[in-house]
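Student: Mind looking at a prediction? Sequence and model below.
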Amino acid sequence: MGKAKMYKINSVAAFPNVFQNPHYTQPVLLNCRQEPLQLKGKWRELVFQNNNPLVLELACGKGDYTIALATLYPNVNFVGVDIKGARIYTGARYALENSLRNAAFARFRIENILHFFSPREVNEIWITFPDPFPRKSDAKHRLTAPGFLARYREILSPGGIIHLKTDDANLFRFSCETALEAGAVIQYCKEDIHSSPPDFPELSILTFYEKQHIANGRKIHYLRFTFPQ
Ligand SMILES: C[S@@+](CC[C@H](N)C(=O)[O-])C[C@H]1O[C@@H](n2cnc3c(N)ncnc32)[C@H](O)[C@@H]1O
């Protein structure tokens with residue numbers, strides 16, 4: 001591993017706005033003093049000290065949506081989730097340097113999300129450019145596979161919304177199908193969101209990967225759905 005990556009991974013462990021799962025078998029997150037915290041059901045109270053809505057960005061990478069949305073909506077709490085500390089570092093550092101107190105980051109495998117969020121604790125979920133896992137045999141690892149949707153449904157509050165942005169047409173189609181099969185109602189579905197002016201401001205936020213996909217001439221797909229109560 002390169003020195004720069006190692007530095008970021010070590011630094012992020014000491015950031016007060018980052019909570020890390022030491023091992024996937026342990027349902028705890030560590031704070032910057034490496035103390036175990038039970039944040040499940042207590043993100044608003046213990047991390048943000050308010051009762052504002054809670055929004056997650058899953059597969060957040062450098063946390064572009066977490067940062068941009070936290071800046072746009074100071075009265076909403078945002079948590080970016082990814083397994084890679086060196087990527088989280090960028091967003092977490094920006095949030096600290098710019099006193100974005102409504103943005104935090106968590107490092108854990110999204111498979112274990114039920115360890116860290118309570119039923120109905122979350123208002124919205126953004127899934128931004130998740131790995132497409134093109135092989136059929138890997139479909140269960142896609143972050144919109146039925147097993148993941150079932151977990152998201154559990155932690156979402158009534159009327160909670162899931163947003164997906166992807167450049168991958170197969171993943172997009174798969175996600176529409178799995179959402180419908182899970183009983184979701186599709187609220188918005190567009191295959192090329194940058195071909196016309198955005199219908200709402202959140203769509204014009206660009207992630208690190210999204211900028212590369214656009215430069216390579218790829219279309220960006222967006223899907224928004226909810227589960228009826
Ligand atoms: C293609 S990158 C997208 C990053 C960012 N959203 C962007 O658009 O720039 C996918 C990210 O998902 C993360 N990831 C993939 N599977 C994951 C999982 N099961 N749990 C947590 N993070 C995961 C990877 O570490 C990676 O940062």
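Tutor: On my side now, so go ahead.

Student: what's the closest residue to the ligand within the chain in contact with, if anything?
Tutor: Taking Cβ to the nearest ligand atom, the ligand has its nearest neighbour within the chain at residue 61, 2.6 Å off. All C-beta atoms are positioned from the backbone trio N, CA, C, and that covers glycine. Neighbour list for residue 61: 82, 84, 87, 128, 129, 207, 208, 209 [criterion: Cβ atoms under 8 Å, 6 or more residues apart in numbering].

Student: same thing but at 10 Å, please
Tutor: Taking Cβ atoms under 10 Å, 6 or more residues apart in numbering, we find residue 61 in contact with 80, 82, 84, 87-88, 90-91, 128-130, 207-209.

Student: Flag every residue of the chain that's near the ligand.
Tutor: Residues of the chain lying near the ligand by Cβ under 6 Å from any ligand atom: 59-61, 64, 82-84, 87, 109-111, 128-131, 207-210.

Student: re earlier: and for the residue of the chain closest to the ligand, nearest residue in space, chain neighbours not counted?
Tutor: Closest residue to residue 61 apart from its sequence neighbours, by Cβ to Cβ, 6 or more residues apart in numbering: residue 87 at 4.7 Å.

Student: Which element, helix or strand, includes the one you found?
Tutor: In this structure, residue 87 sits in helix 85-97 according to DSSP states H and E.

Student: Report the mean confidence score over that helix.
Tutor: Helix 85-97 comes out with an average pLDDT of 98.

Student: Stretch 19-36 now?
Tutor: 94.

Student: what's the longest strand in the protein?
Tutor: strand 156-166 (DSSP state E).

Student: Just the residues contacting whichever helix or strand comes after it, thanks.
Tutor: Toward the C-terminal end, the helix or strand that comes next after strand 156-166 (DSSP H and E) is helix 169-181. Helix 169-181 is contacted from outside by 127, 129-134, 136, 139, 142-149, 162, 164-166, 168, 184-186, 189-191, 218-227, using Cβ under 10 Å, 6+ apart.

Student: where do the helices sit along the protein?
Tutor: Taking DSSP state H as the criterion, the chain carries its helices at 3-13, 64-72, 85-97, 113-116, 146-155, 169-181, 208-215.

Student: Please dump these into CSV; it should also carry distance to residue 53 for every row.
Tutor: Converted to CSV, the helices of the chain look like this (distance: least, Cβ to Cβ, whole Å):
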stretch, distance to residue 53
helix 3-13, 25
helix 64-72, 11
helix 85-97, 18
helix 113-116, 17
helix 146-155, 13
helix 169-181, 22
helix 208-215, 24
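
Student: out of the ones you listed, which comes closest to residue 24?
Tutor: helix 113-116 (9.0 Å; Cβ to Cβ).

Student: Now do the buried residues in that closest one.
Tutor: Neighbour-count burial for helix 113-116, counted by 16 or more other Cβ atoms under 10 Å, picks out 113, 115, 116.

Student: so what does it touch, helix or strand wise?
Tutor: strand 54-58, strand 77-82, helix 146-155 (3 or more Cβ pairs under 10 Å, 6 or more residues apart in numbering; DSSP states H and E).

Student: what about the nearest residue to residue 142 once chain neighbours are set aside, how many residues close to it?
Tutor: Take residue 142 and drop its neighbours on the chain: the residue closest to it by Cβ to Cβ, 6+ apart is residue 133, 4.9 Å away. For residue 133, the number of neighbouring residues by other Cβ atoms under 10 Å comes to 18.
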